[in-house]
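Asks: below: sequence and its predicted model.
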Amino acid sequence: MQNLWNDIEAAACVGDLAQRVYSSRLLGCERSLVLHGGGNTSVKTRERNVFGEEEDLLYVKGSGWDLATIEARGFTPLRLAPTARLATLAYLPDTEMMRLLRSYAVTPEAPAPSVESILHAILPFKFVDHTHADALLAVANTPDGAQRIADLYGEQALIVPYIMPGFALAKACAERLAACPDVKRLSCIVLMGHGLFTFGETAKEAYSRMIELVTRAEEYIRRMGTWHIAFPPATPPARPLRAELAALRKEVSAAAGAPMIMITHSDDKSLGFARRSDVASIARRGPATPDHIIRTKRLPLIGRDVAGYRSEYEAYFEQHRALINGPLTMLDPAPRVILDPELGMLTAGRSVKDARIAAEIYTQTIDVILHAESLGGWQALPAEDLFRVEYWDLELAKLKKPAASEVFLGEVALVTGAASGIGRACAQSLLKRGAAVVGLDLNPAIVGAFPSPAYRGIVADVTDESALREALEQTVRAFGGLDVLVLNAGIFPSSQRIAALDTPTWQRTLRVNLDANLALMREAHPLLKLAPRGGRVVIIGSKNVPAPGPGAAAYSASKAALTQLARVAALEWGADGIRVNVIHPNAVFDTGIWSEEVLAARAESYGLTVEQYKRNNVLQVEVTSHDVAELAAELCGPLFAKTTGAQIPVDGGNERVI
Ligand code: ZN
């Protein structure tokens with residue numbers, strides 16, 4: 001493992017806390033040391049309080065912060081003496097420990113301190129680093145793991161058998177440190193089945209020891225087992241998989257009790273691991289470290305029997321629930337990692353972020369498992385120990401409830417013509433409500449239209465049916481299924497009276513505005529049918545449907561036919577739980593069609609100013625893309641749960657329509 005310490009960069013970080021931030025980030029950017037909020041670090045320092053008195057403080061990582069991106073305000077300053085003294089108590093419930101620790105913070109606005117704060121406090125070293133290093137776990141999680149670690153690190157390591165993190169672990173370490181003849185000779189504590197603490201008088205010393213000790217574990221694996229694990233090129237089945245994937249995601253969502261995002265990973269490693277003949281044995285022993293359990297669950301699902309996984313999880317819960325005092329509610333029994341020999345690795349979560357985190361953790365876990373296997377056999381902690389962590393109040397507190405605004409969390413929407421105007425606004429409104437969104441457009445700008453991981457842009461011509469099928473396939477592999485379809489892409493040919501309307505213009509308009517939508521609806525139907533909460537289709541029609549204008553025959557006819565198509569779809573698909581509604585916008589000027597010049601010319605032809613022209617409706621209001629998009633999003637939400645086949649104007653009120 002590479003030591004990333006840079007003396008020049010480090011010199012720019014003046015003071016204990018700045019040094020702490022610097023080396024914490026070095027640890028955080030190495031995935032095989034810590035992942036997603038895992039690990040923690042601290043520094044002991046002395047500061048002058050408001051009375052001018054010197055105080056010994058422990059700056060320890062606050063919960064909710066990631067080491068890779070932590071800042072000075074991500075550390076909680078605790079009074080050192082009472083924090084360390086807690087380890088002398090005979091017993092302290094963890095929730096009470098957290099309450100007391102919070103009361104020792106000298107700044108009330110600081111984040112909740114790490115659950116491992118007491119352990120940091122009792123170590124008589126200035127800088128303390130803690131990681132869940134993969135290589136160390138691979139060596140430790142084997143038969144004779146403790147002996148191997150003892151041989152590897154000798155007298156500089158204090159080896160502590162697995163103990164539940166929190167007060168019990170801090171107390172056990174305090175007792176062992178007290179019994180240690182020369183604590184200052186120690187450079188690390190190895191927590192079996194959990195991770196590694198290193199320490200030193202400087203940030204550089206603690207960090208360098210971490211890198212050095214983990215490197216030694218890596219070299220041990222290289223010497224005694226197999227370091228380089230090759231995954232030969234592998235390919236997923238060539239047939240379309242979207243129907244199978246969406247059906248599986250529906251079952252996973254039903255088990256979770258809410259729509260779930262499900263990402264398909266079919267790289268060589270994911271496929272190679274899922275296709276191993278021993279996968280059902282090695283992948284079903286447990287996680288690399290208990291910290292991962294809230295992200296990945298204790299075990300992955302092997303194959304596609306979600307019902308079987310569900311009843312196995314329920315049995316595991318019933319078997320162990322008595323380990324926890326007090327009433328306990330079972331977490332949802334849905335798998336977060338699925339290993340299927342055909343499909344590869346699938347990861348599930350309530351959000352794209354959660355499903356990605358599960359993937360990152362499991363990708364690292366594969367290395368730990370295979371390294372430990374090469375050393376003689378991968379061993380995980382017993383189910384009881386893992387259950388205690390899974391249902392530990394302090395871990396449960398990390399499972400955030402979705403925000404009330406995220407009504408579409410776990411759901412997947414596809415929006416056509418999403419690079420600009422109403423389509424782009426629809427994508428934005430759906431993303432804001434928590435949906436994962438796929439945008440389709442001819443314009444290559446679609447690819448990077450939104451920087452969110454919950455967004456995917458695909459360049460596609462909606463009149464190309466094979467491109468539509470490919471886009472649906474990509475959508476389902478990226479996010480698991482399809483819940484919402486917004487049909488927005490369309491063209492508005494330049495004004496032509498019927499007497500002069502050429503056939504190619506007519507045909508092209510109908511092909512884009514009508515035929516393409518029929519094809520996409522037909523291809524999307526099997527997926528919308530599998531939407532956990534029922535599929536929804538929103539069609540962007542036009543005021544021209546109820547009130548056409550001269551010179552717009554092709555456009556008006558195409559949108560009228562599209563509206564009729566939507567009405568028939570509402571009738572045919574109601575039994576499948578799919579709602580189909582139409583929005584008729586008018587005079588939305590913040591779209592690609594309306595340049596400043598076109599707008600000025602049009603206003604002038606009516607004898608109006610641009611401002612007057614924009615508000616030329618009953619309510620005298622301007623209608624924006626955002627207004628249309630917000631209505632489209634709401635139509636897919638609970639407010640309209642019992643509405644289908646509706647046509648709703650967004651036009652400020654039009655005398656000819658009213
Ligand atoms: Zn830990």
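Replies: That came through, no problem.

Asks: sec struct for the nearest residue to residue 120 once chain neighbours are set aside, please.
Replies: Excluding the flanking residues, the one nearest residue 120 by C-beta to C-beta, 6 or more residues apart in numbering is residue 42, at 4.0 Å. Where you see a C-beta, it was placed from the backbone N, CA and C, and this is true even at glycine. With DSSP: H, G, I helix; E, B strand; the rest coil as the basis, residue 42 sits in strand.

Asks: burial of residue 42, as a residue count?
Replies: 31 (other C-beta atoms under 10 Å).

Asks: tell me what it is bridged to.
Replies: Beta-bridge pairing of residue 42 under DSSP bridges involves residue 60, residue 128.

Asks: next one, pLDDT for it please.
Replies: At residue 42, the pLDDT value in this model is 97.

Asks: show the contacting residues for it.
Replies: Neighbouring residues of residue 42 by C-beta atoms under 8 Å, 6 or more residues apart in numbering: 20, 58, 59, 60, 61, 75, 114, 117, 120, 121, 127, 128.

Asks: who's in contact with stretch 276-285?
Replies: Applying C-beta under 8 Å, 6+ apart, the external contacts of stretch 276-285 come out as 273, 299, 300, 302, 339, 341, 369, 370, 373, 378, 379, 380.

Asks: may I see the buried residues of it?
Replies: Using 16 or more other C-beta atoms under 10 Å as the burial criterion, the residues of stretch 276-285 that qualify are 276, 279, 282, 283, 285.

Asks: and of those, the nearest to residue 635?
Replies: When the buried residues of stretch 276-285 are compared for distance to residue 635 (C-beta to C-beta), residue 283 wins out at 42.6 Å.

Asks: the closest one and residue 296, how far apart?
Replies: For residue 283, the distance to residue 296 equals 11 Å [C-beta to C-beta, to the nearest Å].

Asks: repeat for residue 639
Replies: 36 Å.

Asks: whichever of the contacts of stretch 276-285 end up buried, select them in ChimeraX.
Replies: Only the buried entries of these go into this ChimeraX selection, using 16+ other C-beta under 10 Å:
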select :273,299,300,302,339,369,370,373,378,380
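
Asks: that older thread, where's the dip in pLDDT among the contacts of residue 42?
Replies: residue 114 (94).

Asks: that one touches residue 120, doesn't it?
Replies: Yes: applying C-beta atoms under 8 Å, one finds residue 114 in contact with residue 120, separated by 7.2 Å.

Asks: which one of these two has more residues nearby?
Replies: Legend: neighbour count by other C-beta under 10 Å for residue 114 and residue 120, higher for residue 120 (30 against 25).

Asks: so what touches the helix or strand in which the more buried one is found?
Replies: Following DSSP states H and E, the helix or strand that holds residue 120 is helix 117-122. Contacts with helix 117-122, where a contact means C-beta under 8 Å, 6+ apart, come from 40, 42, 44, 58, 60, 76, 78, 80, 83-84, 86-87, 97, 101, 114, 128, 130, 167, 169-171, 173-174, 177, 197.

Asks: go through those and flag which are in strands.
Replies: Among the contacts of helix 117-122, the ones falling in strands (DSSP state E) are 40, 42, 44, 58, 60, 76, 78, 128, 130, 197.

Asks: mind listing the strands for the stretch 201-350 of the chain?
Replies: Taking DSSP state E, counting those that start in this stretch as the test, the strands found in the stretch 201-350 of the chain are 261-265, 301-302, 337-340, 344-349.

Asks: got the domain ranges for this structure?
Replies: 7-224, 242-380, 415-588+626-650, 594-622 (automatic domain parsing).

Asks: can you put those in CSV and add distance to residue 231?
Replies: What follows is those, written out as CSV (distance: least, C-beta to C-beta, whole Å):
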stretch, distance to residue 231
domain 7-224, 17
domain 242-380, 3
domain 415-588+626-650, 19
domain 594-622, 52
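
Asks: and the gap between residue 139 and residue 369?
Replies: With C-beta to C-beta as the criterion, residue 139 and residue 369 are 13 Å apart.

Asks: an error on my part: the question was meant for residue 402.
Replies: Counting by C-beta to C-beta - residue 402 and residue 369 are separated by 32 Å.

Asks: swap in residue 63?
Replies: Per C-beta to C-beta, residue 63 is found 28 Å from residue 369.

Asks: which stretches of the stretch 351-500 of the chain form strands?
Replies: Applying DSSP E, counting those that start in this stretch to the stretch 351-500 of the chain gives strands spanning 412-416, 436-441, 455-459, 484-487.

Asks: in stretch 306-318, which residues are buried?
Replies: For stretch 306-318, the neighbour count (16+ other C-beta under 10 Å) marks 306, 309, 310, 312, 313, 316, 317 as buried.

Asks: the closest residue to the last one other than its chain neighbours: what's it in contact with?
Replies: When the adjacent residues along the chain are set aside, residue 317 lies closest to residue 330, with 4.7 Å between them (C-beta to C-beta, 6+ apart). Residues near residue 330 by C-beta under 8 Å, 6+ apart: 314, 317, 321.

Asks: closest one of those residues to residue 5?
Replies: residue 317 (45.1 Å).

Asks: tell me the contacts of that closest one?
Replies: Applying C-beta under 8 Å, 6+ apart, the residues contacting residue 317 are 330, 331, 333.

Asks: one more: residue 351?
Replies: Applying C-beta under 8 Å, 6+ apart, we find residue 351 in contact with 261, 402, 409, 410, 434, 454.

Asks: which of the contacts of stretch 276-285 sits closest to residue 227?
Replies: residue 370 (10.1 Å).

Asks: quickly note the distance from the nearest residue to residue 30 once chain neighbours are set aside to residue 635.
Replies: Once flanking residues are discounted, residue 30 sits nearest to residue 1: 7.0 Å by C-beta to C-beta, 6+ apart. For residue 1, the distance to residue 635 (C-beta to C-beta) stands at 53 Å.

Asks: hang on, the earlier thing: now, among the contacts of residue 42, which is nearest to residue 542?
Replies: The closest of the contacts of residue 42 to residue 542 turns out to be residue 61 (C-beta to C-beta; 55.5 Å).

Asks: what about the residue nearest to that closest one when sequence neighbours are not counted, distance to residue 567?
Replies: Among residues not flanking residue 61 along the chain, residue 40 sits closest, at 4.1 Å (C-beta to C-beta, 6+ apart). Note on residue 40: its distance to residue 567, by C-beta to C-beta, is 59 Å.
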